[in-house]
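Student: fold the stuff below for me.
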Amino acid sequence: MIDKELWNTLDAMDPNDVSRRSLAEYNPKTHHYSLKVFNYACIVFPEKRTLQYGNVSPPPASEFYLELSVINYLIGASDVPLINQWVSEKQFPSGPIFFRGHHEMPTRKMTLVFGNNRDDFTSISLSLGAKKVEGADIAFEFRVFPRLPVRLLLWLADDEFPARLSFLFDKTANLHFKLDGLWAVGKLIESILIAIASQRTK
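Tutor: Residues are numbered from 1 along each chain as shown. This next block holds a predicted model:
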């Protein structure tokens, strides 16, 4: 469960301002936001402190990181256009200090699962609405939130080198999230991809 103060902060905000900044839709009758998360409709009720999906069954995900990322996005999103300049997490101010140790971007598990499995990485990414882009051996761009695209770049394992995976963000990403919020988004992506892959092996 996330800090109640985050819900309190969102509930106290002007819904028109939140909608303008985040590109979410607000329903004044039911007092909820509808926000695109990947290619799914996420319904957010600030007064009730609840979050649910629309009519389409969502992919499995960590409820904690989903709720944390969604609420932080609605609170922090800025009304700025994407600039299509891609940077690693460590290229943001203070990134080299923050993204290390416990806060390294969560690449290890995904590398283990997909490092020898291009097909699963491709099909799972496409199922989440991602589009294939240039980079590494294979790379996809996920529209996690309307103003937050995230790219995953995967180098497959071969006889000489182990597999590796990297995150890239539009250079505007830190205008919508603090660094710990970007890390939480990474954990959300990890939880979804790993959970879908695990389902396929059962």
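
Student: paired strands for the helix or strand of the chain with the lowest mean pLDDT, with orientation please.
Tutor: The weakest-scoring helix or strand in the chain, judged by mean pLDDT, DSSP states H and E, is strand 50-53 (a mean of 89). Strand 50-53 has the following strand partners under DSSP bridges: strand 40-45 (antiparallel).

Student: avg pLDDT for the strand it pairs with?
Tutor: Taken as a whole, strand 40-45 has a mean pLDDT of 94.

Student: again, but for stretch 13-25
Tutor: Stretch 13-25 carries an average pLDDT of 98.

Student: and if you look at stretch 151-166?
Tutor: On average, the pLDDT along stretch 151-166 is 95.

Student: go through it and flag the buried ones.
Tutor: Arg151, Leu152, Leu153, Leu154, Trp155, Leu156, Ala157, Ala163, Arg164, Leu165, Ser166 (16 or more other Cβ atoms under 10 Å). (C-beta placed from N, C-alpha, C; glycine too.)

Student: stretch 85-93 now?
Tutor: So for stretch 85-93, counting by 16+ other Cβ under 10 Å, buried means Trp86, Val87, Glu89, Phe92.

Student: per-domain residue ranges of this structure.
Tutor: Taking automatic domain parsing as the criterion, the chain consists of the domains 4-76, 86-200.

Student: let me have the buried residues of stretch 151-166 in a markdown table, adding secondary structure and distance to Arg143 as columns.
Tutor: Formatted as a markdown table, the buried residues of stretch 151-166 follow (DSSP: H, G, I helix; E, B strand; the rest coil; distance: Cβ to Cβ, whole Å):
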| residue | secondary structure | distance to Arg143 |
| --- | --- | --- |
| Arg151 | strand | 11 |
| Leu152 | strand | 13 |
| Leu153 | strand | 16 |
| Leu154 | strand | 18 |
| Trp155 | strand | 23 |
| Leu156 | coil | 24 |
| Ala157 | coil | 28 |
| Ala163 | coil | 25 |
| Arg164 | strand | 24 |
| Leu165 | strand | 19 |
| Ser166 | strand | 18 |
